[in-house]
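Asker: Build me a model from this:
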Amino acid sequence: MIRMRSRLFLLHVLVLSLLVVLAVRLWQVQVVRGQEFVTRATETRTRTVIEPAVRGQILDSSGRPLVRNQTALVVSVDRTALARTPDGGRSVLRKLSAVLGTPVKKLKERIRPCGPGVSQPCWTGSPYQPVPVEQKADTRQALQILERQEDFPGVSAEIQSVRQYPGGQAGAQMLGYLQPVTEAELEKRAGLKAAYSGVDLAGRDGLEEVYDEALRGKPGMRRVQVDRMGKAIGVEQQVRPVSGDNLITSIDARVQAVAERALARAMHNAPKADGGAAVVLDARTSRVLALASAPSYDPAVWAGGISASGYQRLLSPKSGMPLVSRAINGQFAPGSTFKVSSVTSMLRAGYPLNGTYDCPGSYMVGDRAFNNFHGIGLGPMNLHTALVKSCDTIFYRAAYEQYLRDGGRNPKKKPREIFANTARAFGFGRPTGIDLPGESSGRIPDRRWKKEMWTLTSGTNCRRAQTGYPEVTDRARADFLKRLASENCAEGFILRPGDSANFSIGQGDVLVTPLQLARAYAALVNDGKLRSPRIGWARVRPDGTLVETYDVPVVGKLPLSEKERLYIKNALSEVASDGTAAGAFAGFPMDKVRIGGKTGTAEVWGKEDTSWFASFAPTNDPRFVVVAMVSQGGMGAQTAAPAVREIYEGIYGIKGKAALPGGRPVARLPRFAPDGTVAR
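Answerer: Now for the predicted structure:
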């Protein structure tokens, strides 16, 4: 009996303890953490869906689309959802393969994350983002997926806007492309992370990258009520997305097309040509009217993920590296087009503007003879004629004399280096600052550069001076390279006499980009002010409301007086009619539009010459600056000058309809109707 009572007592104690514990727990849940659990319960009944904004268009100066949007049915795969299926998504991918007609292997390649050792195609975006596997699904395919969602967990089909390029390959490097937002970008840009939709794309290269934030817009949000099974039962809150702004550029689609055709024809007519560029600037403002680079590619290849072979082709030297813009990244010796800087250097060094200078067939620089073109002597002449006839020996002599004044091989403590410093004042040796990413700086080789290069390369040169180049099959070239390595090993840090001579005619180690040369000529024939070229002109809302305009900044001034500048300009005005480009412009109606400019032929060891022509028109009141360059194109008058002629013929309508009927760049922003269309 006593034992029974003890057991009952213990049972009572246990029950009371449990009741106390339950009461305490209820108090914690309802009082202490009540609000927290209410919030969590609310969250489980709602889902927040970010709606991406429609990306803004990129338009030309008249409102024509260079890049626009079109709607498409996009099929995407959520890797996280696939991983939760019993077989890791294998059966889902097999079913999806049957619907889309795409091999399972390719689907797996498209959804795998990129990383070290992973080749294209692969997914560069966030691992939490649905991966588009088909950008142009048809309605039948989409319905098969949507009506049988139980068979396709993690697979969605929805209408999205995708980029379309009306001009095809025209200006592809300038326009850029889109790729998925990466985790690194999300971490770097807090605002982007907060508004990340899961299907966002970011601008890569070109205008898409530079103006990405403006073009992107602001995503919307829908807070959807769902039941315990996750089925939507209503919309609790909705904020509509705000479309991105449209970017109006100074590019004229008609001039761009003319430049592309002219460059393609020039490349075709030069059998060994492996690359080229054409730049058209507004001579007064330095706004870019056309920027062509060859070879080019179709930017639509990025949609839905590029194949491994396609990606390699864009970067392969065998295909000409079409992803690289020769206009802003191509660095080439400019040849005689550089002489506008050399004439200016002579004037700054004290040579008389109206002096007479001898142009012999060759001139001794140190212990080596430097020849005129074909070794032809042209006799006494002034600087005006030296530019028109492109005499080399006048510039060899002036550059060598300045080299000796600076101390020659044993330079003074502070040498003037007039030729190098004048070239920098023309904007060479540094990026122009154009609103495009990754621009090259070119190269102005002075004494400091020689020392820096020797420090970097002396080890290799000294080793090659001993071993030579056994892998080079051409015996003469191998011997030359060994002698050059030996010379650079011993005294590669010294600026030699020949370096100064080569510099004066834009050869040797001098490198410029086509855009650098174009903006230097624009400053020369306009007002002497060096500007940083711009492609972006204005940003407008989709309804045409102006948001802001982009000015072209002045970044320098040419070291020339007004009299000197006009002297050089007048000399260049005779090159196409009476000088080295006369043959290329034979029959051109100079009485209607007079062309000025300068040919350039730059020698490249083991290759054909680089062909250049830098020009402006009309000569009396320049409105356009046009520069063409063809790598391995031969003489400047042979390839580049005819390309420039074709561009002017297209602009002015010499042989057909004029690209610019008024003979001048578009000066006013386009007007838009309330629905966003261009008002004609």
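Asker: CA atoms for contacts and neighbours, from now on please.
Answerer: Noted.
Asker: What number of residues are in the vicinity of the spatially closest residue to Gly468 that is not a sequence neighbour?
Answerer: In space, and not counting its chain neighbours, Gly468 is closest to Lys482: 5.0 Å by C-alpha to C-alpha, 6 or more residues apart in numbering. Other residues near Lys482 number 21, with proximity taken as other C-alpha atoms under 10 Å.
Asker: One more: the one 10 residues further on?
Answerer: Gly492 has 21 neighbours, counted by other C-alpha under 10 Å.
Asker: Test my guess that it contacts Trp454.
Answerer: Yes: in this structure, Gly492 is within contact of Trp454 by C-alpha atoms under 8 Å, at 5.5 Å.
Asker: If you count neighbours, what's buried in the helix or strand encompassing the residue nearest to Gly468?
Answerer: Element membership of Lys482, judged by DSSP states H and E, is helix 475-491. Counting neighbours by 16 or more other C-alpha atoms under 10 Å, one finds that the buried residues in helix 475-491 are 478, 481-483, 485-486, 488-489.
Asker: Pick out the most distant pair among those.
Answerer: When the buried residues of helix 475-491 are compared pair by pair using C-alpha to C-alpha, the farthest-apart members prove to be Ala478 and Cys489, with a separation of 16.3 Å.
Asker: which ones are touching the residue positioned nearest the centre of the chain?
Answerer: With distances taken as C-alpha atoms, centre = their mean, Gly206 lies nearest the centre of the chain, 4.3 Å away. Contact partners of Gly206, counting by C-alpha atoms under 8 Å, 6 or more residues apart in numbering, are 173-177, 436-437.
Asker: Sitting in helices, which of those do you find?
Answerer: Assigned to helices by DSSP state H, the following of the contacts of Gly206 qualify: 173-175.
Asker: For those, pick the one with the most neighbours.
Answerer: Taking other C-alpha under 10 Å as the neighbour criterion, Gln173 ranks highest of these with 27 neighbours.
Asker: Quick check: that residue vs Pro437, distance?
Answerer: Here Gln173 is placed at a distance of 10 Å from Pro437 (C-alpha to C-alpha, to the nearest Å).
Asker: what touches both of the two?
Answerer: Common neighbours of Gln173 and Pro437 (criterion: C-alpha under 8 Å, 6+ apart): 205-206.
Asker: Near the nearest residue to the residue nearest to the centre of the chain once chain neighbours are set aside, how many other residues are there?
Answerer: The spatial neighbour of Gly206 that comes closest, neighbours along the chain excluded (C-alpha to C-alpha, 6+ apart), is Gly176 at 4.0 Å. Under the neighbour criterion other C-alpha under 10 Å, Gly176 is assigned a count of 20.
Asker: wait, is Leu146 part of a strand?
Answerer: No: when DSSP: H, G, I helix; E, B strand; the rest coil is applied, Leu146 is found to be helix, with no strand at that position.
Asker: Show the backbone phi and psi for the closest residue to Arg483 other than its chain neighbours.
Answerer: Counting by C-alpha to C-alpha, 6+ apart, Arg483 lies nearest to Ala465, which is 7.0 Å off, once chain neighbours are set aside. Dihedral pair for Ala465: phi -60, psi -30, per degrees, to the nearest 10.
Asker: my guess is Ala465 contacts Lys482, does it?
Answerer: Yes: Ala465 is within contact range of Lys482, at 5.5 Å (criterion: C-alpha under 8 Å).
Asker: Now list whatever residues contact both of those two.
Answerer: With contacts taken as C-alpha under 8 Å, 6+ apart, Ala465 and Lys482 have no neighbour in common.
Asker: all strands of the stretch 351-500 of the chain, in order?
Answerer: 357-359, 362-365, 368-371, 379-381 (DSSP state E, counting those that start in this stretch).
Asker: Quick one, which of these gets closest to Asp138.
Answerer: Ranking the strands of the stretch 351-500 of the chain by proximity to Asp138 (C-alpha to C-alpha) places strand 368-371 first, at 67.4 Å.
Asker: if I pick the closest residue to Thr513 other than its chain neighbours, what's in contact with it?
Answerer: Counting by C-alpha to C-alpha, 6+ apart, Thr513 lies nearest to Gln331, which is 4.9 Å off, once chain neighbours are set aside. For Gln331, the residues meeting the contact criterion (C-alpha under 8 Å, 6+ apart) are 440, 442, 511-514.
Asker: swap the cut-off to 10 Å and go again
Answerer: Shown here is Gln331, whose contacts under the criterion C-alpha atoms under 10 Å, 6 or more residues apart in numbering are 440-443, 510-514, 516.
Asker: same deal with Phe338?
Answerer: 423, 426, 428, 503-507, 510, 512, 517, 520, 598-600, 614.
Asker: among the residues you listed, which are in strands?
Answerer: When strands are assigned by DSSP state E, the members of the contacts of Phe338 inside them are 598-600, 614.
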